[in-house]
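> The sequence and its predicted three-dimensional model are supplied below.
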Amino acid sequence: MTHSNAPILVTGGAGYIGSHTVRLLAGQGKKIVVLDNLVFGHDQAIIDPDVELVVGEVGDQELVRSLFAKYQFGAVIHFAAYAYVGESVTNPLKYYQNNTAEPIKLLQVMEEFGCKVFVFSSTCATYGVPDKLPITEANRQAPINPYGKSKLMVEWILADCGTAWGLKSACLRYFNASGCSPDGLIGEDHNPETHLIPRVMMAVTGEIDCLEVFGTDYETPDGTCIRDYIHVEDLADAHARALDHLAAGGASVACNLGTGVGVSVKEIISAVEQITGKTVPVKYGPRREGDPASLVADPALAEKLLGWVASRKNINDMVRPAWIWTSGANGGRYPQNKKPT
Ligand code: UDP
């Protein structure tokens, strides 16, 4: 039986969205155990001393069983996943193994231990090219790459586990996670970094020669792609609400997490120039394969079901903390070589 003060297992809690969520939940006084293999996560992203980091694989059932036996988790938040869309096309099995097969092993242990609350990092990539905008949960889910498919399959698996053994799940379909904690203590540090805002920052600091804009001939007002940039702390807040909702006996949910505001690549560049006071060196290139022109959420369902709304909707609210992180002591990177042995 789930109770709201039972410890929570957070897989991938040392990653970008995971670490911001762990920080929020730990600040609420919740007991958090992070399971992360640190392939992409950073031990230094876990700043609360009461949070325990276990370095290991989600699919290591012996390890996960030992953690369940020790902590009797009331819920699992599952962030751990690979998220490079292009790589998922060239190496699909890596994505189906890590993003789909590994959580099955985790769910098997949850079933064994009677843990029935699961909050899942899903994605707007499960919609593919939207059949209408803004995207509601009634949109067709037709992912166009293995990454999106690997996530959608887990959504289906969670629904089936709900039918079979009463699992309650929240599938949170993120739009474009961005920003970081405004104190700059934790932030976004991917390697390789492919995301737009960090790459614009890298162009500003000279870490890369210039920002390449992928396509200027889209059917959008300025010809560049439009996305819905959602602050990572707002995403964290949605996870906290989803946990509370399920722990209180609420029904399973699947909902979009976005602002409902579309921002173009050119508008991001302008925002960065305004906030940093520097010129972004830009090169205009061809479209990147698989990029829909426009992806914007209708976030109404998350408000209705979870009482969640994005507290920050202006792109400056995402870019400003990203600049604090980038221009801080570590230049937007966690210091290396401090992983536990
Ligand atoms: N983009 C770009 N140059 C870059 C990285 C991204 O023009 O170096 C564009 C990309 O084509 C997309 C938007 O910025 O339209 C956001 O891309 P990102 O990879 O951050 O997120 P995605 O929407 O692909 O998940």
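Thanks, I have the structure now. Predicted model, so just to flag it, every value in this text is computed and none were measured.
> can you pull out the helices in the stretch 1-150 of the chain?
For the stretch 1-150 of the chain, the helices defined by DSSP state H, counting those that start in this stretch cover 16-27, 61-71, 85-90, 92-95, 102-113, 146-165.
> and the ones you listed as JSON lines, adding mean pLDDT, mean neighbour count and distance to residue 294?
Where C-beta positions appear, they are placed from N, C-alpha and C, glycine not excepted. Below are those laid out as JSON lines (pLDDT from 0 to 100; neighbours: other C-beta atoms under 10 Å; distance: least, C-beta to C-beta, whole Å):
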{"stretch": "helix 16-27", "mean pLDDT": "98", "mean neighbour count": "24", "distance to residue 294": "23"}
{"stretch": "helix 61-71", "mean pLDDT": "98", "mean neighbour count": "15", "distance to residue 294": "40"}
{"stretch": "helix 85-90", "mean pLDDT": "95", "mean neighbour count": "17", "distance to residue 294": "17"}
{"stretch": "helix 92-95", "mean pLDDT": "98", "mean neighbour count": "16", "distance to residue 294": "25"}
{"stretch": "helix 102-113", "mean pLDDT": "98", "mean neighbour count": "19", "distance to residue 294": "30"}
{"stretch": "helix 146-165", "mean pLDDT": "98", "mean neighbour count": "19", "distance to residue 294": "16"}
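> closest to residue 256 out of the ones you listed?
helix 146-165 (12.8 Å; C-beta to C-beta).
> ok, the closest one near the ligand or not?
No - Helix 146-165 lies out of reach of the ligand by C-beta under 6 Å from any ligand atom, never closer than 9.5 Å.
> ok, and what's touching that helix?
Contact with helix 146-165 is made by 81-85, 88-89, 92, 95-96, 98-100, 103-104, 107, 111, 116, 118, 120-123, 125-128, 141, 143, 167-169, 171, 252, 254, as judged by C-beta atoms under 8 Å, 6 or more residues apart in numbering.
> if you look at those, which of them are in strands?
The subset of the contacts of helix 146-165 located in strands under the criterion DSSP state E comprises 118, 120, 121, 122, 123, 168, 169, 171, 254.
> wait, which of those is closest to residue 266?
Relative to residue 266, the closest of those is residue 123; by C-beta to C-beta it sits at 24.3 Å.
> quick one: contacts for the closest one?
Neighbours of residue 123 in contact, by C-beta under 8 Å, 6+ apart: 83, 147, 148, 151, 173, 174.
> Right, and the ligand sits closest to which residue of the protein?
Going by C-beta to the nearest ligand atom, the ligand is nearest to residue 225 of the chain, at 2.9 Å.
> where's that residue relative to residue 256, distance?
In this structure, residue 225 and residue 256 are separated by 18 Å, where distance is defined by C-beta to C-beta, to the nearest Å.
> Between those two, which has more neighbouring residues?
residue 256 (27 against 24; other C-beta atoms under 10 Å).
> Setting aside sequence neighbours, what's the nearest residue to that one?
Leaving aside its sequence neighbours, residue 256 sits nearest to residue 297 (C-beta to C-beta, 6 or more residues apart in numbering; 4.2 Å).
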